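Chemist: I'd like to go over a predicted model; first the sequence, then the structure.
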Amino acid sequence: MTKRGQGRHWTHTRNPRRTKICVNRTCGKRSAVLLINDPVAVRNWTNPARSALLLSVTIPLILLAMLVDLPGCRPIAGERILICAKQTQRFTVVLPAGFTPAVQWPALLILHGAGRNNLTLVDAPETRASLLRSEAVLILPDGRLSWWLDETRIVELLDELMKPLHLDPRRIGGSGWSMGGYGSLRMVTRHPERFSFGEE
C-alpha cells in the first residue's frame, strides 16, 4: 500500500510493522530512505501534524548524506558538522544553514594552534555555536604539531573537497590562531592564486 503526503512518500512493505519513508515525492534512486520498525513511529510519520516535527529534526541529517558525498565522514547528531578521517588525514567540516548543491559556496580553512586538533573548536559550546552561524563552508584540518610546514597537504585536501562540497574557487580563505596563524599566513602567501583572503 502506498500513501503520499506533503513532500513525503511512504510505502508499506510486506512486513506490516515496517515502513519505508522516502523524503521526496517518489521513492527513486536519489531518495533519502528511512526504514522504521516501530509501529508507533510509523503512525507518527504518517500523521501530518506529528511528522512535521520529526522531519524538522531528521531531515538535516538525511540531507547531509544526500548532498555531501564524502567517504569517511560521519555527521554529529543534530548538527551540520561532519567528522572525517581519510587515511592519515583527519578534518572537520561545518556546513552553513541552507546548504544546497544548487549554488557554489565560499569556504574558509581554519588551522588550529599547537596542542589542539580539528575538534577543538567543535568541542567547545561557544565556538561551536559561532561556527554554525557561518555563511561559508568551514574546513578544519588536523595538523598535529607540524607547524603546518607542509602546506601542500592542506591544498591537496582543499582540491579533494572542492567538488563534493560545491566550493567556489573565487571565494576561498585561510585563517588560524597561534601555530595555525603562522600556518595560514605561510599557506596563503605561498599559494596566493588559491586564496581570495587570509586573516588571523
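Modeler: Structure received.
Chemist: list of residues touching the helix or strand hosting R128?
Modeler: Under the criterion of DSSP states H and E, R128 resides in helix 125-132. For helix 125-132, contacts defined as C-beta atoms under 8 Å, 6 or more residues apart in numbering pick out 79-81, 94, 97, 120-122, 138. Bear in mind the C-beta positions are built from the backbone N, C-alpha and C, glycine included.
Chemist: can you report how many residues lie near L108?
Modeler: 23 (other C-beta atoms under 10 Å).
Chemist: per-residue confidence for it?
Modeler: Per-residue confidence at L108 stands at 96 (pLDDT).
Chemist: T92 too?
Modeler: 97.
Chemist: which helix or strand contains S175?
Modeler: strand 167-176.
Chemist: strands of this structure, start to end?
Modeler: For the chain, the strands defined by DSSP state E cover 2-4, 9-12, 19-22, 33-36, 73-75, 81-86, 89-94, 105-111, 137-141, 167-176, 197-199.
Chemist: buried ones in stretch 80-95?
Modeler: For stretch 80-95, the neighbour count (16 or more other C-beta atoms under 10 Å) marks 80-84, 89-95 as buried.
Chemist: grab the CA positions of that stretch and hand them over as PDB.
Modeler: This file holds the C-alpha atoms of stretch 80-95, laid out as PDB (Å, rounded to 0.1, in the frame of the first residue of the first chain):
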ATOM      1  CA  ARG A  80      25.700  20.400  10.300                       C
ATOM      2  CA  ILE A  81      29.100  19.100  11.300                       C
ATOM      3  CA  LEU A  82      31.000  16.300   9.700                       C
ATOM      4  CA  ILE A  83      33.900  14.500  11.300                       C
ATOM      5  CA  CYS A  84      36.200  13.000   8.700                       C
ATOM      6  CA  ALA A  85      39.100  10.600   8.500                       C
ATOM      7  CA  LYS A  86      40.800   9.800   5.200                       C
ATOM      8  CA  GLN A  87      43.800   7.600   5.600                       C
ATOM      9  CA  THR A  88      46.200   9.700   7.700                       C
ATOM     10  CA  GLN A  89      44.300  13.000   7.200                       C
ATOM     11  CA  ARG A  90      41.700  14.000   9.800                       C
ATOM     12  CA  PHE A  91      39.500  17.000   9.400                       C
ATOM     13  CA  THR A  92      36.100  18.500  10.300                       C
ATOM     14  CA  VAL A  93      33.600  20.200   8.000                       C
ATOM     15  CA  VAL A  94      30.900  22.700   9.200                       C
ATOM     16  CA  LEU A  95      28.200  23.400   6.600                       C
END
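Chemist: which secondary element of the chain has the worst mean pLDDT?
Modeler: strand 33-36 (a mean of 40; mean pLDDT, DSSP states H and E).
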